[in-house]
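Asker: Let's see this in three dimensions:
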Amino acid sequence: MLRTNQPFSDYFDKLYSNKSYKENITLTSYGKGDKILIQNETSTKIMLIRTGITKCYFVEENDKEYIVEFLGKGEILGEIEVIKNVPCLCTIEAMTEVTVYSMPIPYFRILLKSELKLNRFLLDAFAERVVNTSSRASYQKLRSTEHTHSQFLELKSKEMEISKEHMAAYLGITVKNLNKTLEEIKENNVDE
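Answerer: Model prediction:
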């Protein structure tokens, strides 16, 4: 539900503290609600979340928002678009105050050619995303909305606001269907 990557975060902490890299890696802060990357726009930077929580979502042709994932510390942003040379696939929006490490794309490309460790972290991140996507698809088919709702409550305890709209967008259902399901859960709990 909330993706983090501590080893990648540690790696960027070391890069940032190394004087030879520091001039090309900066810290940037975003406030809650700020858009860090915007779907279909071209980014000029690669970023890695240092602190905070974001939501990664795309808007369908019918203007419906679909939340792909909630991303936290150590998650990299914009690298797929650079590798594939395409505009941003999703929008990344700050759900809390967020700080990211930023680096210009030309510098990222230089590091891709010279830093084997960076390539290993990227491969690991890509593999993790494939596993998470597969797991999430089967999870949502097999688990009840009640169980998913309890996970959202866990996220709320991490000082992140989760609205019904966000829950529905993450589950790929309408708010009306979510309300109906939550009402059924509530009735079942009263009956027990």
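Asker: tell me which element the nearest residue in space to residue 60 that is not next to it in sequence falls in.
Answerer: What sits nearest to residue 60 in space, not counting adjacent residues and going by C-beta to C-beta, 6 or more residues apart in numbering, is residue 66, at 6.2 Å. No exception for glycine: its C-beta is placed from N, CA and C like everyone else's. Assigned by DSSP states H and E, residue 66 belongs to strand 65-71.
Asker: so what secondary structure elements neighbour the helix or strand just after that strand?
Answerer: Following strand 65-71 in sequence order, the next helix or strand is strand 76-77 (DSSP H and E). Counting contacts by 3 or more C-beta pairs under 8 Å, 6 or more residues apart in numbering; DSSP states H and E, strand 76-77 packs against strand 45-51, helix 116-142.
Asker: deepest of those, which one?
Answerer: strand 45-51 (a mean of 22; mean count of other C-beta atoms under 10 Å).
Asker: Okay, now the sheet partners of that one, with direction.
Answerer: strand 76-77 (antiparallel), strand 98-104 (antiparallel) (DSSP bridges).
Asker: So in terms of bridging, what pairs with the one residue sitting closest to the centre of the chain?
Answerer: For the chain, the residue nearest the mean C-alpha position is residue 71 (2.8 Å; C-alpha atoms, centre = their mean). According to DSSP bridges, the partner residues bridging residue 71 are residue 3, residue 54.
Asker: check contacts around it.
Answerer: Residue 71 makes contact with 2-4, 49, 53-56, 77, 92, according to C-beta atoms under 8 Å, 6 or more residues apart in numbering.
Asker: what about it, distance to residue 109?
Answerer: 23 Å (C-beta to C-beta, to the nearest Å).
Asker: Point to the helix or strand of the protein where mean pLDDT is at its lowest.
Answerer: helix 145-156 (a mean of 56; mean pLDDT, DSSP states H and E).
Asker: Follow the chain on from that helix and name the next helix or strand.
Answerer: Heading C-terminal from helix 145-156 (DSSP H and E), you reach helix 164-171.
Asker: Read off the pLDDT value for residue 186.
Answerer: Per-residue pLDDT puts residue 186 at 67.
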